[in-house]
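Novice: Provided below for reference: sequence and predicted model.
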Amino acid sequence: MREIKDFFKQFKWMFLAIAVLFCVWLFLTVFQRGSEEAVYERTNEECDTEERVFDYAGKLTMHEEEELRKLIAQREKAIGCDIVLVTLNEDLSKDIMDYADDFYDEHMFGYNKPWGDGVVYVDNWYDGYTWFSTSGKAEDKYSENMINELVDDVTEITNENPYKAYKRYVNDVYRQMSGKSVSSLSLPLPAVIVLSLLFTIVYTATGLSGEKTKRTTGITAYVPEGKPDMGFCNDAFISTHTTRRHIDRSSGGGSSGGGGHHMSSGGHSHGGGGGRH
Amino acid sequence: MIFQCENCGGNVIFDPEKGTMYCPYCNSSNSEADTPGAGLICAGCGGELPAGDFMSACKCNYCGSYNVIEERVRGEYAPHLVLPFRFGKKAAKEKIIAQFKKKRFLPSTFLNDAYLEKMEGNYVPFFLYDYLCRYHFKGTGKKVRVWTSGDTEYTETSLFNLERNMDIDFSKIPVDASIKMEDGMMDLLEPYDYKALEEFREKYLSGFLAERFNMDSDELSIRAKEKAKSDAKQMARSTMSGYQSIHTDYEQADFDLKDTKYSLLPVWSYKYDYGGKKYRFHLNGQTGKLVGDAPVSYKKAAAYSGTVFAGLFVIFYLISMILEVF
């Protein structure tokens, strides 16, 4: 009985933290659903597909594709724009910008109408070139700087973690179109496990380590006069020598890209910009 | 010998907090009269005392009276000095609890009152040595100075001959003369405040356990000299400042024994057996300094660590979910 009492006493703060975090998560989830539900109604009925994730390069797992679809559906409703992702792994016969524009036009994407509001991000793994194409209100909204920021944001992590990069693309479009902030922080499952393990190791190690009793007797504790009677004390200089060493000093630097408005081969206006990973 | 109350006949004991003899039966103070015993037989009930070969004061297993065994505190075994306990069992228990209550993986019974109640106050036999030490040191000291000028770093190394000759009057270096007490633990209990040392009186032992010395004073003097030499070396080193390193070329300590006093010093002891291991804790009966390593319940450690891991996993997972919501 006492052991159980001790146990709960020891972990009361942890249990309280779990309860508080759970409530925060619950509140935010409900609040977010309430505030973002059906802000924009999709009115384009001519678009030939419901699909938004075209992973022709096979860079995503089924689970990741599904997660991206969910996120895109949620973000599209919030900003009223189609958000399309295309990954390729081929030697394109035409310019990637033209490919992106044509892809968008051929499928008649657009949230409000065919060739209307929306964006498409094409990532060709064959040569690493990417293109972000905008249309409708997205074209009006996106400046060259915003395009560069998004492309740089995505391409910088594409090679290490494609899923994270494409998730960032969707979130960046949401953030830039809505003006609302999106947390770039994330805590993947392996990080959760490693962090928990590290803290547990520290907790266990500090619990197991005993503080050794230190000697508290001073060196003159048994000398009533408090100091020795110094008969002879001499520090005599013998020799000196000096060595010298040359210090090397040096330094280093880094790079970036952009886009603009143009007409696609189908005669529709697009904006956009590209980069490479 | 036992000390009996003249008012009620109960066993009178020494009360450390009050500093007087006290009868726990009728609350009288200084009402003791000594009743002589006969060897290892209890002066209260005639039962055999659990005194072993060296106990000079012990508690009768039959009537609970505290006996002082005269022949082990008189003649060649008569202590010169005694340092009376300054606090009683209640305060000793509180000090142990205060020291260990924050330990996470203590066995649940470790701080139970039923276990702590078994603590015993022991007068441990010590020899206190007075030495005149003549310490002589010769060595080489190295001073290093580093500075930079432009793109060049300069390192200047200077060597010095160091010599010290000093006389040190050591007084009352304590060395325990008990086989059963671990030397390392007894050394860590130091220092004692010798101003409270008193001429030995048998009444101080009533209410406590005590041992007569059971190790030879000459044999123990080696440990006293080692302690003195270590202190002398540090005193000499404290006069050599500014050196990055000091190499000893020659070191000699000569000792003249001036006096040895056989004394009894106060120690509270707590014995705790757990997981087949014997844990011993000692408290300086004058200063309250505690020596001893806490036992660990590995079962508790595993359960607590598992809970921490699970709890942290849930906390971090919830944090990751909250971050995703944003």
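Specialist: That came through, no problem.

Novice: for residue B:142, list each beta-bridge partner.
Specialist: residue B:159, residue B:245 (DSSP bridges).

Novice: these two touch, right, residue A:108 and residue A:46?
Specialist: Yes. Residue A:108 is in contact with residue A:46 according to Cβ atoms under 8 Å; the separation is 5.1 Å. Glycine gets a C-beta too; all of them are placed from N, C-alpha and C.

Novice: residues in contact with the most centrally placed residue in chain B?
Specialist: Central residue of chain B (Cα atoms, centre = their mean): residue B:189, 2.8 Å from the mean position. Going by Cβ atoms under 8 Å, 6 or more residues apart in numbering or on different chains, residue B:189 touches B:267, B:282-284, B:289, B:291.

Novice: same deal with residue A:200?
Specialist: By Cβ under 8 Å, 6+ apart, residue A:200 lies in contact with B:305, B:308-309, B:312.

Novice: so residue A:193 touches residue B:313, yeah?
Specialist: Yes. Taking contacts as Cβ under 8 Å, residue A:193 lies within contact range of residue B:313: 7.0 Å.

Novice: neighbour-wise, which of the two wins?
Specialist: More crowded of residue A:193 and residue B:313, by other Cβ atoms under 10 Å in any protein chain shown: residue B:313, with 18 against 15.

Novice: quick check: pLDDT value at that one.
Specialist: Listed pLDDT for residue B:313 reads 96.

Novice: contacts for the one helix or strand residue A:270 maps to next, please.
Specialist: Using DSSP states H and E, residue A:270 maps to strand A:269-276. Contacts with strand A:269-276, where a contact means Cβ under 8 Å, 6+ apart, come from A:96-97, A:100-101, A:104, A:127-135, A:138-139, A:142, A:144, A:147-148, A:151-152, A:154-155, A:257-264.

Novice: now with 6 Å?
Specialist: By Cβ atoms under 6 Å, 6 or more residues apart in numbering or on different chains, the list of residues contacting strand A:269-276 from outside reads A:101, A:128-135, A:139, A:142, A:147, A:151, A:155, A:257-259, A:261, A:263-264.

Novice: quick one: buried residues of stretch A:118-132?
Specialist: A:118-125, A:129-132 (16 or more other Cβ atoms under 10 Å in any protein chain shown).

Novice: out of the residues you listed, which sit inside strands?
Specialist: A:118-124, A:129-132 (DSSP state E).

Novice: in the sheet, who's paired with the nearest residue to the residue nearest to the centre of chain B once chain neighbours are set aside?
Specialist: Distances taken as Cβ to Cβ, 6 or more residues apart in numbering or on different chains put residue B:284 closest to residue B:189, at 4.5 Å, once the chain neighbours are dropped. Taking DSSP bridges as the rule, residue B:284 bridges to residue B:267.

Novice: equivalent analysis for residue B:163, please.
Specialist: residue A:234, residue B:138.

Novice: so it is in contact with residue A:234, correct?
Specialist: Yes. Assessed by Cβ atoms under 6 Å, residue B:163 is found in contact with residue A:234 at 4.8 Å.

Novice: among the buried residues of stretch A:118-132, give me the pair with the biggest separation.
Specialist: Farthest pair in the buried residues of stretch A:118-132 (Cβ to Cβ) is A:118 and A:125. Separation: 23.0 Å.

Novice: picking that back up, any shared contact partners between residue A:108 and residue A:46?
Specialist: Common neighbours of residue A:108 and residue A:46 (criterion: Cβ under 6 Å, 6+ apart): residue A:114.

Novice: so where do the strands sit in the chain?
Specialist: Just so you know, I chose chain A. In chain A, the segments counted as strands under DSSP E are A:53-55, A:82-88, A:118-124, A:129-135, A:229-246, A:262-263, A:269-276.

Novice: switch to chain B, that's the one I care about
Specialist: Using DSSP E, the strands of chain B run over B:2-5, B:13-15, B:20-22, B:32-35, B:55-59, B:66-68, B:81-82, B:120-149, B:152-176, B:198-199, B:209-211, B:245-274, B:277-284, B:290-291.

Novice: now tabulate those in CSV and tack on mean neighbour count and mean pLDDT.
Specialist: Shown next, in CSV, are the strands of chain B (neighbours: other Cβ atoms under 10 Å in any protein chain shown; pLDDT from 0 to 100):
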stretch, mean neighbour count, mean pLDDT
strand B:2-5, 22, 95
strand B:13-15, 20, 95
strand B:20-22, 19, 94
strand B:32-35, 16, 91
strand B:55-59, 23, 96
strand B:66-68, 25, 96
strand B:81-82, 20, 97
strand B:120-149, 19, 96
strand B:152-176, 19, 96
strand B:198-199, 10, 96
strand B:209-211, 24, 97
strand B:245-274, 17, 96
strand B:277-284, 18, 94
strand B:290-291, 20, 95
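
Novice: now render the ones you listed as CSV, adding distance to residue A:16.
Specialist: Formatted as CSV, the strands of chain B follow (distance: least, Cβ to Cβ, whole Å):
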stretch, distance to residue A:16
strand B:2-5, 56
strand B:13-15, 47
strand B:20-22, 49
strand B:32-35, 57
strand B:55-59, 49
strand B:66-68, 51
strand B:81-82, 54
strand B:120-149, 43
strand B:152-176, 50
strand B:198-199, 55
strand B:209-211, 48
strand B:245-274, 32
strand B:277-284, 34
strand B:290-291, 33
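
Novice: tell me the domain ranges of chain B?
Specialist: B:124-295, B:296-326 (automatic domain parsing).

Novice: export those to a markdown table and tack on distance to residue A:216?
Specialist: Output for the domains of chain B, formatted as a markdown table (distance: least, Cβ to Cβ, whole Å):
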| stretch | distance to residue A:216 |
| --- | --- |
| domain B:124-295 | 7 |
| domain B:296-326 | 25 |
